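Enquirer: What follows is a predicted structure for the sequence shown.
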Amino acid sequence: MIKTTPREYQNKIFQTAREKNTLVVLPTGIGKTLIALLLTIDRLKLYPGSKTLFLAPTKPLVEQHFQSYTKELPELFADLQIFTGSVPAEKRKEIFQTADIIFSTPQCIANDLNNHLYSLEEVSLIIIDEAHRCLKNYSYTAVASAYKKQAKNQRILALTASPGYDLSIVKEICSHLNIDEVESRTRDSEDVKPYLQTLEFEKIEVDFPKEFEEIRVLLKRFYDQRIDQLKSRSLLFGPANKITLLKLQKRLGAQASSGNFNYMIGLSLSAQAIKISHAIELLETQTLNGLNSYLQGIIKQSKENKSRAAQIIAKSPEFNASLISLNLLLSKNIEHPKINALKELIKNQFEQKENSKMIVFTQFRETARIISSELNKINHVISTVFLGQAKKTHASGVSGLNQKEQRAMIDQFRSGKTNVLCATSIGEEGLDIPEVSAVVFYEPIPSAIRKIQRTGRTARLAPGKLFILMTKDTRDIAFHYASSARERKMHKTIEILKNEFKERNKNKILSEFK
């Protein structure tokens, strides 16, 4: 019935999902959606008149899945509909009654259920894309809870490239979705390998320049002073890092309203430490121009009385000495050595293959802008910045892209009008970005989920390359090994879960037999 012939592993996973609520863990780009389509057809045939609900976290992803189904299914097989917030609620209520397959964000369905527009009673299959998000108060959890209460013939299919490495969190996801079985594959699985191309991996390490060290020492001195004060006030215990400081700031923010003087001082100290920690991260791992923009932003906040922490930082001798050293380096046109390393590898890639397509991933918008500008100086390179929707404009003028702009940019990339996307996290999750010749991480990221999603952009239909840039003696090194360790732990977590489900199912069969 469908136009694409399923691969052996897709059929195997489909057979499992027919019988049990299944969490499917597959690398990006090797066919999770086709498994969902096979199961959709099966459930609609098994329960004529029932519905399938396909949920994805963003509107572009919802549209992508809708197009995939439309392309594969015979025209009159089913009534396919997209639900978005732009469709009036009463209209959604009307469409829901007649639609066979509904594609939506979870927020839209959760709101409709909350307003009692319709029931999920007739939904015989719910598909949860990017299922690692099904935690705590995210809308997926609310929809799944309603589905478990309302539906007559229930089946849940959860899809993700990585559910995470923490066993308790993955179990929480499985609990929210009533998962009975886990099906997972990696690029190295025997039944997947024949369908994938070779992936070359190269780690490129650059030295942290001696000229940068003076700035790091000054910023670190200011940072350490704030950490020592937080500890002496019995507000911070154990090692300090960005995560512990953000948690502390949140806790103190909730308690400072009580008028506790110690908490109020602690709130300012933690805000100062977080700002300087970010400055050190930019110095170590990003660009000097990006660091300069950030420090100028602190000065602007201070002058406009927008932040007490910014005012204290801007008056400090360490901050001002850092700024003098930074401006001296910039006046000599000195930049982070990663920039030259990146330009060299991209130049080499286009010399080897002129029609290459590449994605450079980076954490920060300002870095993406600087990288793109530098890459456009290379022959044959037409680079553009690919950002998420947030419209917060950086001091440098970097603002987000709406979904229409994102789609237009991907179309230009697909057609070859551009050939290097400098992308923030928007390029990681699910979007229908074409196959690329190489993926570059401008910096390592500690998240196993994001590392797997980034890597999945290449070596699917043609051989691909993965480059990771790292600065020696900085957090880059720790982040690289953290993500690798978490990825290994994720595979162990999945194996533990598989064995637990196998044991549970065996005991269930034995108890039924008795």
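Expert: Right, received. Where do you want to start?
Enquirer: Val182 falls within a strand, correct?
Expert: Yes. Applying DSSP: H, G, I helix; E, B strand; the rest coil, one finds Val182 inside a strand.
Enquirer: Can you show me the strands along the protein?
Expert: For the chain, strands defined by DSSP state E occupy the ranges 22-25, 51-55, 80-83, 101-104, 123-128, 156-160, 181-184, 199-206, 358-361, 383-386, 420-423, 438-441, 464-471.
Enquirer: Can you check which of those strands gets nearest to Ile509?
Expert: strand 181-184 (13.6 Å; Cβ to Cβ). In this view, the C-beta of every residue, glycine as well, is placed from N, C-alpha and C.
Enquirer: which residues are in contact with that closest one?
Expert: Residues from elsewhere that reach strand 181-184 (Cβ atoms under 8 Å, 6 or more residues apart in numbering): 12-13, 16-17, 19-26, 174, 491, 494, 497-498, 501, 505.
Enquirer: again, 7 Å this time
Expert: Residues outside strand 181-184 that contact it (Cβ atoms under 7 Å, 6 or more residues apart in numbering): 13, 16, 20, 22-25, 494, 497-498, 501.
Enquirer: That strand pairs with which strands, and in what direction?
Expert: Partner strands for strand 181-184, per DSSP bridges, with pairing direction: strand 22-25 (parallel).
Enquirer: What's the mean pLDDT across the partner strand?
Expert: Strand 22-25 carries an average pLDDT of 96.
Enquirer: Which strands or helices does the longest helix belonging to the chain pack on?
Expert: The residue-count maximum for a helix in the chain (DSSP state H) belongs to helix 475-513. On a contact count with 3 or more Cβ pairs under 7 Å, 6 or more residues apart in numbering; DSSP states H and E, helix 475-513 meets helix 167-176, strand 181-184, helix 261-285, helix 448-455, strand 464-471.
Enquirer: repeat that for 10 Å
Expert: strand 22-25, helix 167-176, strand 181-184, strand 199-206, helix 261-285, strand 438-441, helix 448-455, strand 464-471 (3 or more Cβ pairs under 10 Å, 6 or more residues apart in numbering; DSSP states H and E).
Enquirer: what about Leu323, how many residues close to it?
Expert: If you count neighbours by other Cβ atoms under 10 Å, Leu323 ends up with 19.
Enquirer: I should have written Gly259 there, sorry.
Expert: Residue neighbour count, defined by other Cβ under 10 Å, stands at 8 for Gly259.
Enquirer: do you know how far it is from Leu117?
Expert: From Gly259 across to Leu117, the span is 45 Å (Cβ to Cβ, to the nearest Å).
Enquirer: Low-confidence regions, the protein specifically.
Expert: 258, 389-399, 427-432, 459-461, 512-514 (pLDDT under 70).
Enquirer: could you redo the last one with a cut-off of 50?
Expert: The model of the chain has pLDDT under 50 over residues 393-396.
Enquirer: and the residue lying closest to Phe467 once chain neighbours are set aside, how far is that from Tyr147?
Expert: Spatial nearest neighbour of Phe467, excluding adjacent residues (Cβ to Cβ, 6 or more residues apart in numbering): Val440 at 4.6 Å. Distance, Val440 to Tyr147, by Cβ to Cβ: 41 Å.
Enquirer: Considering the contacts of strand 181-184, which possesses the most neighbours?
Expert: Most crowded among the contacts of strand 181-184, counting by other Cβ under 10 Å, is Leu23 at 30 neighbours.
Enquirer: isn't that residue right up against Leu157?
Expert: Yes. With contact defined as Cβ atoms under 10 Å, Leu23 reaches Leu157; the gap is 8.5 Å.
Enquirer: joint contacts of those two?
Expert: 17, 128, 131, 177, 179, 183 (Cβ atoms under 10 Å, 6 or more residues apart in numbering).
Enquirer: just curious, which of those is nearest to Arg92?
Expert: Arg92 lies nearest to Ile128 out of the shared contacts of Leu23 and Leu157, by Cβ to Cβ, at 19.6 Å.
Enquirer: Look up how far Phe83 lies from that closest one.
Expert: Taken as Cβ to Cβ, the span from Ile128 to Phe83 is 15 Å.
Enquirer: cool, and Asn260?
Expert: For Asn260 relative to Phe83 (Cβ to Cβ), the value is 47 Å.
Enquirer: how many neighbours does Leu80 have?
Expert: Here the number of neighbours of Leu80 (other Cβ under 10 Å) works out to 18.
Enquirer: Can you tell me, leaving aside adjacent residues, what's nearest to it?
Expert: Distances taken as Cβ to Cβ, 6+ apart place Ile101 nearest to Leu80, at 4.8 Å, with adjacent residues excluded.
Enquirer: cool, Leu236 as well?
Expert: In this structure, Leu236 finds its nearest non-sequential neighbour in Leu230, 3.9 Å apart by Cβ to Cβ, 6+ apart.
Enquirer: What is the burial count for the one you found?
Expert: 23.
Enquirer: so how far is Glu281 from it?
Expert: Noted for Leu230: a distance of 19 Å to Glu281, by Cβ to Cβ.
Enquirer: Please apply the same query to Arg155.
Expert: 45 Å.
Enquirer: So if I had to pick from the two, which one is more boxed in?
Expert: The neighbour count for Arg155 versus Glu281, taken as other Cβ under 10 Å, is higher for Arg155 (25 against 19).
Enquirer: still on that earlier bit, which residues touch the residue nearest to Leu236?
Expert: Leu230 makes contact with 236-237, 240, 244-245, 248, 252, 265-266, 269-270, 272-273, according to Cβ under 10 Å, 6+ apart.
Enquirer: Against Leu466, how distant is it?
Expert: Where Leu466 is concerned, Leu230 sits at a distance of 39 Å (Cβ to Cβ).
Enquirer: do the same with Leu329
Expert: According to Cβ to Cβ, Leu329 stands 31 Å off from Leu466.
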